[in-house]
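K.L.:
Show me how the following folds:
(one chain, ligands or ions: 1)
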Amino acid sequence: MENSEILEENPEGIMECECDRTSYTFKLVVLGSSGVGKSSLVLRYVKDDFRDLPATVGCAFFTQLVCLNNTTIKFEIWDTAGQEKYHSVCHLYYRGANAALLVYDITSKETFFRAQLWLKELEREFAADEITIALIGNKTDLSEEREVTSEEAQNFADDNSVLFMETSAKNNHNVTEAFLAVAEELLKQEQNKKVHSLWSSSCAELEEASLEEGHRACCRS
Ligand SMILES: Nc1nc2c(ncn2[C@@H]2O[C@H](COP(=O)(O)OP(=O)(O)OP(=O)(O)O)[C@@H](O)[C@H]2O)c(=O)[nH]1
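P.N.:
I've put the predicted structure just below:
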């Protein structure tokens, strides 16, 4: 996590990063029940601010640039409304997402169950290697009212192969770390894809070479 920084986008929208060798744009959608702190997490991450916000209507859109391990990442963040009346349109917002934060409030078991339902919905809509998912337990500053233990959430995350972190948008605890963990995972997958495609093309070349060799050997005999 040390080798990372949040970057400013200049007025022309050009990424400014000394270490910019490769750049990626990732769509990240934030999902979860109303009031769990989705918008507050995004506001904390993008503007390092915390204040009372009106309930989100539909969806709010933000961008954030991050330099991580000599790579520039542009996060396109879609902060969805948690109110039930918007649920039917949510698929429009998570379509094409590379990553999802499934947020619950550690003081509300119900919101944890709702995050589990979100996971099921995403598993129906995306193949496993299509989307990086992080389960986020927010409001750790209210630990005396906690209803969801870290252990049960961690176990659930491990069983379902998703990232897990607890945060407080209010106290700025683990917020940047949560987004960076997702960025790191996305970069890892991009690197795996590159290795896989290099490997596939080398295999194809080898196959072609051995066919040619076989053909020559056959013509010699
Ligand atoms: N104590 C505490 N309160 C928080 C935290 N994060 C958000 N809140 C409060 O929780 C309430 C809801 O926060 P929002 O960020 O609007 O929640 P949301 O999930 O975006 O809600 P919708 O827009 O309805 O989907 C607000 O009163 C926030 O101030 C936190 O980390 N700790």
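
K.L.:
Low-confidence ranges, this protein, go.
P.N.:
For the chain, applying pLDDT under 70 flags the ranges 1-21, 196-197, 199, 201-203, 215-221.

K.L.:
near the ligand, which residues of it?
P.N.:
Residues of the chain lying close to the ligand (C-beta under 6 Å from any ligand atom) are 32, 34-40, 52-53, 55-56, 81-83, 138-139, 141-142, 168-170. All C-beta atoms are positioned from the backbone trio N, CA, C, and that covers glycine.

K.L.:
Of the residues you listed, which qualify as buried by neighbour count?
P.N.:
Taking 16 or more other C-beta atoms under 10 Å as the criterion, what is buried in the residues of the chain next to the ligand is 32, 36-40, 56, 81-82, 138-139, 168-170.

K.L.:
quick one on the thing from earlier: which ones among the residues of the chain next to the ligand map onto strands?
P.N.:
Mapping those onto strands (DSSP state E) picks out Gly32, Asn138.

K.L.:
Take the residues of the chain next to the ligand and keep only those in helices.
P.N.:
The helices in this structure, assigned by DSSP state H, contain Lys38, Ser39, Ser40 from the residues of the chain next to the ligand.

K.L.:
before we move on, back to that, can I get the buried ones among the residues of the chain next to the ligand in JSON lines including distance to Phe112?
P.N.:
Formatted as JSON lines, those follow (distance: C-beta to C-beta, whole Å):
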{"residue": "Gly32", "distance to Phe112": "10"}
{"residue": "Val36", "distance to Phe112": "10"}
{"residue": "Gly37", "distance to Phe112": "13"}
{"residue": "Lys38", "distance to Phe112": "14"}
{"residue": "Ser39", "distance to Phe112": "19"}
{"residue": "Ser40", "distance to Phe112": "18"}
{"residue": "Thr56", "distance to Phe112": "20"}
{"residue": "Ala81", "distance to Phe112": "19"}
{"residue": "Gly82", "distance to Phe112": "14"}
{"residue": "Asn138", "distance to Phe112": "11"}
{"residue": "Lys139", "distance to Phe112": "12"}
{"residue": "Ser168", "distance to Phe112": "16"}
{"residue": "Ala169", "distance to Phe112": "17"}
{"residue": "Lys170", "distance to Phe112": "19"}
